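> No letters, just coordinates:
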């Protein structure tokens, strides 16, 4: 066969060939279903990058929402109604204004301190109360008072001591959001360092927490009473 005839036959065969598009798509789909990468990228890199940026932003937003949901769920454990009698402790109502007039952070075996959690932000905050006792307590009432500045409303509370040992309430009184933890009758607070925390939303921006304070009133298992209090500082 002459070269001219061979070239003509090859050209005719090339022109007559048509790719089987359906078969190619089927192969790609089978590869994707089995977890194998497709034979080649179907999008150029420039088209993929904006999609990745959108996906990253969406993931960040979901993370914030999840953190918020966790905070509210955790708080809900303490906000349920609790029944039963409670131990008789010194009346917190009588000492509410006294913290301004001289309740000290330390009284006998009892010490307390208040600080706004460093993870608080421009819209939400957590006030941490540390209570330290060098001997067991047979009665205890802890009150955290958060001044009702712009937008302040409760999102929950928690404590490091067992939930079943305390009754918990949150209410508004005298311009404050009041978190109260009261030890149940027959229960004991062991010697050590314990944490109580109140969580709340507030208006956007820095919040002045200098009007917030905590009081704690206790009866020592060995006998005798102790009362302490502390102010909070400025925070976000």
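Looks like it arrived, so ask away. Since we're looking at a predicted model, the values are computed, not measured.

> When you work out contacts or count neighbours from here on, use the C-alpha atoms and nothing else.
Fine.

> quick check, residue 164 in a helix?
Yes: the assignment for residue 164 by DSSP: H, G, I helix; E, B strand; the rest coil puts it in a helix.

> Kindly provide the distance from it to residue 136.
According to CA to CA, to the nearest Å, residue 164 and residue 136 sit 17 Å apart.

> now the end-to-end length of stretch 160-171.
For stretch 160-171, the separation between the terminal residues is 21 Å (CA to CA).

> Using the three-state scheme, assign residue 112.
Looking at residue 112 with three-state DSSP, the answer is strand.

> For it, give the beta-bridge partners.
residue 131 (DSSP bridges).

> If you tally nearby residues, what's the number for it?
Here the number of neighbours of residue 112 (other CA atoms under 10 Å) works out to 25.

> Low-confidence regions, this structure specifically.
1-101, 234-236 (pLDDT under 70).

> same thing but 50
17, 28, 32-98, 235-236 (pLDDT under 50).

> Do you have the strands of it handy? List them.
In the chain, strands defined by DSSP state E lie at 106-107, 110-116, 124-133, 137-147, 153-159, 166-173, 176-183, 192-201, 213-220, 225-231, listed in chain order.

> Name the residues that touch the second one?
Same thing as strand 110-116. Judged by CA atoms under 8 Å, 6 or more residues apart in numbering, the contacts made with strand 110-116 from elsewhere in the structure are 105-106, 125-134, 209, 213-216, 226-233, 235.

> Buried residues of that strand, list them for me.
For strand 110-116, the neighbour count (16 or more other CA atoms under 10 Å) marks 110-116 as buried.

> Export those to a markdown table and append columns for distance to residue 149.
Formatted as a markdown table, the buried residues of strand 110-116 follow (distance: CA to CA, whole Å):
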| residue | distance to residue 149 |
| --- | --- |
| 110 | 30 |
| 111 | 27 |
| 112 | 24 |
| 113 | 21 |
| 114 | 18 |
| 115 | 17 |
| 116 | 15 |
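
> which one of the residues you listed is nearest residue 169?
Of all the buried residues of strand 110-116, the one sitting nearest residue 169 is residue 114; the distance, using CA to CA, is 18.8 Å.

> quick one: the closest one from residue 105, how far?
When CA to CA is the yardstick, residue 114 and residue 105 sit 10 Å from each other.

> Check residue 232 too.
As for residue 232, its distance to residue 105 is 12 Å (criterion: CA to CA).

> domain parsing for this protein?
Dividing the chain into domains by automatic domain parsing, as the record does, gives the ranges 3-42, 92-231.

> Looking at those, which one is packed in the most?
The highest mean neighbour count among the domains of the chain belongs to domain 92-231 (a mean of 19), with neighbours defined as mean count of other CA atoms under 10 Å.

> how near is residue 154 to residue 218?
Taking CA to CA as the measure, residue 154 falls 25 Å from residue 218.

> Residue 112 too?
In this view, residue 112 and residue 218 are 12 Å apart by CA to CA.

> Please apply the same query to residue 146.
Residue 146 is 21 Å from residue 218, where distance means CA to CA.

> Check residue 103 too.
14 Å.

> Same check on residue 202?
31 Å.

> now residue 175
Residue 175 sits 25 Å away from residue 218, taking CA to CA as the criterion.

> Residue 233 now?
When distances are taken as CA to CA, residue 233 and residue 218 turn out to be 24 Å apart.

> now swap in residue 210 and tell me
Note on residue 210: its distance to residue 218, by CA to CA, is 25 Å.

> Good, wrapping up.
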